[in-house]
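[1] Quick one: sequence and predicted model below, then my questions.
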Amino acid sequence: MRLLCAFDRVLFKLVSVIAQLLLVAAAAAAFYQVIARFVLHSPADWSEVLTRALLIWTVLLGVALAFRHGAMISVELLRNLLGGMRRRVLEAVIGLICAGFLGLIAWIGGQMTYRVRFQNVPSLDISISWIYLAIPVGATLAAIAVLARWCAGEEDNTPVRNDAQG
């Protein structure tokens, strides 16, 4: 179990760093697009597409991080009413449903990625499958995150609080 927790910690730290770097790169590409268009009067055709691709990857990696930290949308009324073993069973059922759904999305995303492997993004001159690959990668990481959070047990079961909750 300790090995699984260590792997989980390292994996999601790496995912977090990659997502942050991709977000910085997307902001830099968007900034360049604005400068090129309005200052240099020569818009770059690649920067808008690159920004969009980087944001797609950032969002799908961010979803995995949100699942890992328990920040997914949920109705906590039933969870708060239950205690002990019943709460744990409810969380297991919810976790399995989420992991199953994410696994299905990963499978379908993998098929989509394979299907478009010969299509190119003209302005970047790369296969569009590199962009589509974010779907199966993000969904697989999110499924791992759901299972890792559930396996971590009660000590890691504190829900993320939003600003309205104080």
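    On my side now, so go ahead. This structure is a prediction, so every number in the text was calculated from the model and none was measured.

[2] What helices and strands are in contact with the least confident helix or strand in the chain by mean pLDDT?
    In the chain, no helix or strand scores lower on mean pLDDT, DSSP states H and E than helix 77-81, which sits at a mean of 76. Counting contacts by 3 or more CB pairs under 8 Å, 6 or more residues apart in numbering; DSSP states H and E, helix 77-81 packs against helix 84-115. Just so you know, the C-beta spots here come from the backbone N, C-alpha and C atoms, and that holds for glycine as well.

[3] other SSEs contacting the helix it packs on?
    helix 77-81, helix 129-132, helix 134-152.

[4] Check which element follows the longest helix along the chain along the chain.
    For the chain, the longest helix by residue count, based on DSSP state H, is helix 2-38. Once helix 2-38 ends, the next helix or strand along the chain (criterion: DSSP states H and E) is helix 45-68.

[5] when you compare where that next one runs with where helix 84-115 runs, what's the angle?
    Helix 45-68 runs at 160 degrees relative to helix 84-115, counting by axes from the mean of the first three to the mean of the last three CA atoms, to 10 degrees.

[6] Take helix 45-68, keep the C-alpha atoms, and write them as CSV.
    C-alpha atoms of helix 45-68 as CSV (Å, rounded to 0.1, in the frame of the first residue of the first chain):
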residue,chain,number,x,y,z
ASP,A,45,-1.4,31.3,-37.9
TRP,A,46,0.2,28.7,-35.6
SER,A,47,-0.1,30.4,-32.2
GLU,A,48,-3.9,30.3,-31.9
VAL,A,49,-4.0,26.5,-32.8
LEU,A,50,-1.1,25.9,-30.4
THR,A,51,-2.8,27.8,-27.6
ARG,A,52,-6.0,25.8,-28.1
ALA,A,53,-4.1,22.5,-28.1
LEU,A,54,-2.1,23.4,-25.0
LEU,A,55,-5.3,24.4,-23.2
ILE,A,56,-7.0,21.1,-24.1
TRP,A,57,-4.1,19.2,-22.6
THR,A,58,-4.1,21.5,-19.5
VAL,A,59,-7.8,21.0,-18.9
LEU,A,60,-7.7,17.3,-19.2
LEU,A,61,-4.7,16.9,-16.9
GLY,A,62,-6.3,19.4,-14.5
VAL,A,63,-9.4,17.2,-14.4
ALA,A,64,-7.3,14.3,-13.2
LEU,A,65,-5.8,16.5,-10.5
ALA,A,66,-9.2,17.6,-9.5
PHE,A,67,-10.4,14.0,-9.2
ARG,A,68,-7.3,13.2,-7.1
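
[7] All set, thanks.
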